[in-house]
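turn this into a model:
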Amino acid sequence: QVHLVESGGGLVQTGGSLRLSCTASGRTLGGYSVGWFRQAPGKERDFVATLSWSTGNTLYADSVEDRFTISIDSARNSIYLQMNSLKPEDTAVYYCAVAARYKSGWLQSRDDYAYWGQGTQVTVSS
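You can find the predicted model right below:
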């Protein structure tokens, strides 16, 4: 089992930045692909970014490309999402997720992930 706890959400003005953190316990993250999703009120939980365990490559939703960066710190067993140039449409609850071990490929579906955090609220004011 992998237990995930997110932090770093909050209220920020348009154009500002936030860094979300997700700390994992129960297992080390080696061999696990990771991702971030977000869910705005009344909407589905959508893919934001993923990082492949096998290649270290990253993939982003078009809406956040060039503004968000996903990363892993193996020493801290943590996943991060650096969010820059934030827009009001980025307002959502953000969730980190970890796939089943050694699951590879571009994991963009919620069904690709086995473990989820509780979510952290990000609000961008206009």
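
for the residue nearest the centre of the chain, phi and psi?
Geometric centre of the chain, nearest residue: residue 36, 2.2 Å, by C-alpha atoms, centre = their mean. Note on residue 36: backbone dihedrals following degrees, to the nearest 10 are phi -130, psi 140.

how about residue 86?
Dihedral pair for residue 86: phi -70, psi 150, per degrees, to the nearest 10.

for it, what are its contacts?
Applying C-beta atoms under 8 Å, 6 or more residues apart in numbering to residue 86 gives the contacts 12, 14-18, 67, 122, 124. (Glycine included, C-beta is placed from N, CA and C.)

please report how far it lies from residue 22.
18 Å (C-beta to C-beta, to the nearest Å).

please apply the same query to residue 41.
22 Å.

between these two, tell me which one has more neighbours.
Per other C-beta atoms under 10 Å, whichever of residue 41 and residue 22 has more neighbours is residue 22, with 26 against 7.

the more buried one touches residue 3, doesn't it?
No. If you go by C-beta atoms under 8 Å, residue 22 and residue 3 don't touch, sitting 10.6 Å apart.

any low-confidence regions in this protein?
Across the chain, nothing is flagged by pLDDT under 70.

residue 35: what's it in contact with?
Residue 35 neighbours (C-beta under 8 Å, 6+ apart): 47-51, 70, 96-99, 107-108, 112-113.

try it again at 10 Å.
Applying C-beta atoms under 10 Å, 6 or more residues apart in numbering to residue 35 gives the contacts 47-52, 58-59, 70, 79, 81, 95-99, 106-110, 112-113, 116.

just residue 1 next, same as before
So residue 1 contacts 25-27, 114-115 (C-beta under 10 Å, 6+ apart).

no further questions, thank you.
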